[in-house]
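Enquirer: the sequence and its predicted three-dimensional model are supplied below.
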Amino acid sequence: MNRSKFYVTTPIYYVNDKPHIGHAYTTILADVLARYHRLLDVPTWFLTGTDEHGQKVQKAAEAAGISSQEQADRTVVRFQDLWKKLDITHDDFIRTTEPRHTTIVQQILQDLYNRGEVYRAEYDGWYCVPCERFFTEKDLVEGKCPECHRAVDRIKEANYFFRMSKHQEWLVQYIQEHPKFIQPDYRRNETLGFLRKPLNDLCISRPKSRLNWGIELPFDKDYVTYVWFDALVNYISAVGYNSKPELFAKWWPASYHLIGKDILTTHTVYWPTMLKAMNVPLPETVFAHGWWLMGDSKMSKSLGNVVNPMDMIDRYGLDAFRYYVMAEMTLGQDASFTEDSFIRRYNSDLANDLGNLLSRLLNMTTRYNSGLIPAPAAQALDGADEKTLWDAVQATVAAMEQSVADMKLNAGIEQVIVAVRAINRYLEIKQPWTLAKQEDKTPLWTVLYMSAEALRVCSALLYPVIPEKMGELRKALGLKNTKPNVADMKKWGVLQPGSAVKEIGALFPRIVVEAPKTGDRQLELGEKPAAKPEASVPAKEPAPAAVEGVIEYDDFIKAQLRTAKIIGAEKIPGAVKLLKLDVFMGEERRQIVAGIALHYEPEQLIGKTIVIVANLKPAKIRGVESQGMLLAASKGEKMRLVTVDGELASGAVVK
Ligand code: MSP
C-alpha cells in the first residue's frame, strides 16, 4: 500500500431518529477500511459523528416535547451505543453542537462574508420543508419538489447566499482533471450531468423566525446557518482546521468521504466549492455507495420500512452481520437485504468453508499430535502442492490489498474464501487420515502445519471484517498475538511447532432452517428476532438424535462425491434393472453401471448432471465394468436420481 496516511469519514448522522441499516452500513464500511489500513501499517484516522442542527432535529424535538439540545443529547447516545455494539474503531466522534465545531463554522462564515463570497439578497422562490432546500420555478417537477416529490411552499424573504455559481467552471474542470475525486465513475458522470445546468448561488441562512436550531450567523443575529453549510465543515473542524495546524496538516485532505448516493450533490458540488472559496484543498475521493433495498423499495425513515440492525445482530451475531453487509454489497451498487441471502452466505462461506476447515484442523491436530502444532518438513514449501497453496494464499494477500485500494472489498473477501476452499481441497488431496497410518509422520505433520499456516494468513485478511471471530480462530490455532500484522501475514513459519491448539466449538454453527423456502423471503417490517429455534443460531450444532451409526466428518469425506454429466445411456442386454451410463466428470470420461432401468428411460437421462462417488473401487457388474456409483434416493417403489439444483460444471466437488 503506497499511502502515507489514511483519513476516512462517514456522513454525520441526523439525530432526529434511531439509527438504521444505512447508518450501520457506512460506518462498518469505514471501520473495515480503517482496520485494513492499520493492518497494513498506514497511519489512519477514522472520523464519524452526528449532524445535530436543522429542521429535522427541531421538528423531532417539538414532537417529543423536549428541547432540540435534549433531542440531540438523547439520540446521540443511541448512535454511540450502536457503534460500540458493532465494534467500530473510530478515532473521533464529532457532534456539530460542540464548540470545537460551531466556532470554526462561524469563523469560516465571517471570513467568507468579509471577502464577499457570501452576500445578502431578497429571495423569492420555492422551498421544500422536508428536504430543507430552495428551488427555482424551473427546478420543480410538475410543481413538486424534484427530490422528494412533495408539495413546496412559496417563500419570500431576505437571506444570505454563498457565491457557488462563480465556481462552476472551475469545478467542472477539476472533476474532469481529477477522475479519482468522485467515485465510482458513474457517480462522477452524474455530478457532471448536474453541472451541465447553470449553478445557482446557495442560500446558506435560515431566518430564526422559521428555524431557531442552528449556528447563528456571526454577522446577523436574526439568522442561523443552513444545516448543510454547517454539517460539511465537520470533516475539517474535527481535524483542527484553524485551530490545530499540525493535526490539520497531518490528516487533511481526507482520503475518503464515504457517503450514500443520495447525498452526492452536497458532497460533490456544495463542499468542493465551499473549500475552493476557503482556499482549502479538496478531499481525495468522495465515494458514494448504493442503498440497501428491501425488495425493490429503498429503506428509509420516510418510507417507514427500516430494518433495525440491532435485531439482525441479535439474531445472527455481530460478525455474521458485518460479514454479510461487506460481502454482499458490490461497492457503489444497490443490494437487497434478505434473510435468505444472509443465511445462504453465512452457511456457505462461514459455516461450511471457514468454520469446517478450522474444526477439521483442530480435530486432526488433537487426534494425531495431542493438540500440538506439529513441525513440518524442513523444506516444506518445496513440495509442489505446498508451494501452489502458499503461492495462492500470498496472491490473496496481494489481491486483498488491491481490492482495498480499488474499493472492491467484496471481491477481496471473495478471494479469501476461494483461498479457504483451496486449503480444504489441499486436505482432500493429501488425505492426512491416510498419512496418519504411515510410520513416517513427517508428511502428515507437513500437511497439518501447511494448512494451519495458510488458514492463519486467511484469518488475518478477514480480521478487519470479522475481528471477533478471527481473534477466536487465531487463539484456537495457538497464536499468542491474536491481532494480525502485515509482516506476519507475508511470512511463512509464524505458527510455533509445539504450541497448543485450543479446541473450540463450531466457530460459525450452521443456521438450520427447517422448512424449505421458495425464493427469497424479504424481512418483514420491524420484524422481531425469530421465535422459531430453527431460524436462530443454535448454541451448538444440533445432535443427530435419530440417526444410528454416527460417523466422523473425516470418515464422511473419504467418499469423494463429484458432479458428472450423462452423455450416453443404454440398456444392458439380459439385465432388466441395469443401465450403462457414459458420463463426463470434468475432463474425465467414465462408464457407470446403475440399477435405475425400471425408473428411467435411457434418453431421459442424457444431459442430466448427477452426483457420483468418484473414488469407489471399479467393479464388474454383470460383466460390465462400473467406474463409480451414482447417488439416488428411493422410497417404496419410487427412485429419483440425486442431481444439482441449477447449472454447475461437471467434476465439481460435492460435500
Ligand atoms: N446528516 C446528513 C449527512 C451530513 S454529512 C456532512 C444525512 N444524514 S442521514 O442520517 O439522513 O443519512 C446518513 C447516510 O445514511 C446517508 O449517506 C444515506 O445515504 C445513508 N442511508 C440511509 N438509508 C440507507 C440505506 N437503506 N442503505 C444505505 N445507506 C442509506 O444525510
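Expert: On my side now, so go ahead. Residues are numbered from 1 along each chain as shown.
Enquirer: contacts only, for residue 99.
Expert: Shown in contact with residue 99 (CB atoms under 8 Å, 6 or more residues apart in numbering): no residues. The way it works is simple: take the backbone N, C-alpha and C, and place the C-beta from them, glycine included.
Enquirer: quick check: the gap between it and residue 215.
Expert: As defined by CB to CB, to the nearest Å, residue 99 lies at a distance of 11 Å from residue 215.
Enquirer: please, which helix or strand holds the residue nearest to residue 484 when sequence neighbours are not counted?
Expert: Spatial nearest neighbour of residue 484, chain neighbours left out: residue 460 (3.4 Å); criterion: CB to CB, 6 or more residues apart in numbering. If you go by DSSP states H and E, residue 460 is part of helix 442-462.
Enquirer: okay, now the domains of this structure?
Expert: As assigned by automatic domain parsing, the chain contains the domains 339-490, 553-641.
Enquirer: give me the distance between the last one and the centre of its chain.
Expert: Counting by CA atoms, centre = their mean, to the nearest Å, domain 553-641 is centred 41 Å from the centre of its parent chain.
Enquirer: am I right that residue 259 falls within a strand?
Expert: Yes - assigned with DSSP: H, G, I helix; E, B strand; the rest coil, residue 259 falls within a strand.
Enquirer: which SSE is immediately downstream of the helix or strand harbouring residue 361?
Expert: In the assignment (DSSP H and E), residue 361 maps to helix 356-369. Per DSSP H and E, the first helix or strand lying C-terminal to helix 356-369 is helix 384-405.
Enquirer: can you name the next helix or strand after that next one?
Expert: helix 409-430.
Enquirer: which ones are touching the residue of the stretch 151-300 of the chain found nearest the ligand?
Expert: For the stretch 151-300 of the chain and the ligand, the shortest gap (CB to the nearest ligand atom) falls at residue 260, measuring 1.6 Å. The contact partners of residue 260, by CB under 8 Å, 6+ apart, come to 11, 22, 26, 288, 289, 290, 291.
Enquirer: check residue 417 too.
Expert: By CB under 8 Å, 6+ apart, the neighbours of residue 417 are 349, 353, 354.
Enquirer: wait, the first one sits on residue 323?
Expert: Yes - if you go by CB atoms under 8 Å, residue 349 and residue 323 touch, sitting 7.4 Å apart.
Enquirer: the ligand contacts on this protein?
Expert: Within the chain, the residues that sit near the ligand (CB under 6 Å from any ligand atom) are 11-14, 21-23, 25-26, 51, 231-232, 259-260, 262-263, 291-292, 298-300.
Enquirer: let's see 5 Å
Expert: 11-14, 22, 51, 231-232, 259-260, 262-263, 291-292, 299 (CB under 5 Å from any ligand atom).
Enquirer: still on that earlier bit, which ones among the contacts of residue 260 are found in helices?
Expert: Counting by DSSP state H, the contacts of residue 260 place 22, 26 in helices.
Enquirer: pull the most distant pair out of the contacts of residue 260.
Expert: Spatial extent of the contacts of residue 260 (CB to CB) is set by the pair 11 and 290 at 14.4 Å.
Enquirer: which of these two has more neighbours?
Expert: residue 11 (26 against 18; other CB atoms under 10 Å).
Enquirer: hey, what's the closest residue to the more buried one other than its chain neighbours bridged with?
Expert: Take residue 11 and drop its neighbours on the chain: the residue closest to it by CB to CB, 6+ apart is residue 259, 5.3 Å away. Following DSSP bridges, residue 259 is listed with bridge partners residue 288.
Enquirer: what sits against residue 259?
Expert: Applying CB under 8 Å, 6+ apart, we find residue 259 in contact with 11, 26, 267, 286, 287, 288, 289.
Enquirer: can you give me phi and psi for the first one?
Expert: Dihedral pair for residue 11: phi -60, psi 160, per degrees, to the nearest 10.
Enquirer: re the thing from before, how near is the residue of the stretch 151-300 of the chain closest to the ligand to residue 327?
Expert: 19 Å.
Enquirer: likewise residue 373?
Expert: Distance, residue 373 to residue 327, using CB to CB: 29 Å.
Enquirer: on that earlier part again, most neighbours of all the contacts of residue 417, which one?
Expert: residue 354 (28 neighbours).
Enquirer: tally up the residues packed near the closest residue in space to it that isn't next to it in sequence, please.
Expert: The shortest distance from residue 354 to any non-neighbouring residue, by CB to CB, 6+ apart, is to residue 420 (5.3 Å). The number of residues packed near residue 420 is 27, by other CB under 10 Å.
Enquirer: just to check, residue 420 is in contact with residue 457?
Expert: No - counting by CB under 8 Å, residue 420 does not reach residue 457; the two are 10.4 Å apart.
Enquirer: need the contact partners of stretch 184-201.
Expert: 136, 161-165, 167-168, 171-172, 175-176, 179, 181-182, 261, 264-265, 268-269, 287-288, 331-332, 407.
Enquirer: what residues does the closest residue to residue 271 other than its chain neighbours make contact with?
Expert: Counting by CB to CB, 6+ apart, residue 271 lies nearest to residue 232, which is 4.8 Å off, once chain neighbours are set aside. Applying CB under 8 Å, 6+ apart, one finds that residue 232 lies in contact with 266, 267, 270, 271, 274.
Enquirer: highest average neighbour count across the domains of the chain?
Expert: Among these, domain 339-490 has the highest mean neighbour count (mean count of other CB atoms under 10 Å), at a mean of 19.
Enquirer: mind checking how far that domain is from the chain centre?
Expert: Per CA atoms, centre = their mean, the displacement of domain 339-490 from the mean C-alpha position of its chain is 21 Å.
Enquirer: mind checking the end-to-end distance for that domain?
Expert: This stretch, domain 339-490, spans 36 Å end to end (CA to CA, to the nearest Å).
Enquirer: give me the mean pLDDT for it.
Expert: Across domain 339-490, pLDDT averages out at 96.
Enquirer: report the central residue of this protein.
Expert: Residue closest to the mean C-alpha point of the chain, counted by CA atoms, centre = their mean, is residue 326 at 0.3 Å.
Enquirer: am I right that it falls within a helix?
Expert: Yes - counting by three-state DSSP, residue 326 is located in a helix.
Enquirer: among the residues of the chain next to the ligand, which are in strands?
Expert: Counting by DSSP state E, the part of the residues of the chain next to the ligand found in strands is 13, 14, 51, 259, 260, 292.
Enquirer: how many neighbours does the second one have?
Expert: Neighbouring residues of residue 14 were enumerated by other CB under 10 Å; the total is 21.
Enquirer: what do you get for the one 3 residues further on?
Expert: The local packing of residue 17 (other CB under 10 Å) involves 15 other residues.
Enquirer: helix, strand or coil for it?
Expert: The assignment at residue 17 comes out as coil when based on three-state DSSP.
Enquirer: any idea of the pLDDT on it?
Expert: 88.
Enquirer: same check, this time on residue 144
Expert: Confidence score, pLDDT, at residue 144: 93.
Enquirer: pretty sure it contacts residue 150?
Expert: Yes - here residue 144 reaches residue 150: they are 6.3 Å apart, a contact under CB under 8 Å.
Enquirer: more neighbours: the two, which one.
Expert: When residue 144 and residue 150 are compared for neighbours, residue 144 comes out ahead with 15 against 12, by other CB under 10 Å.
Enquirer: so who does that one touch?
Expert: 150, 151, 152.
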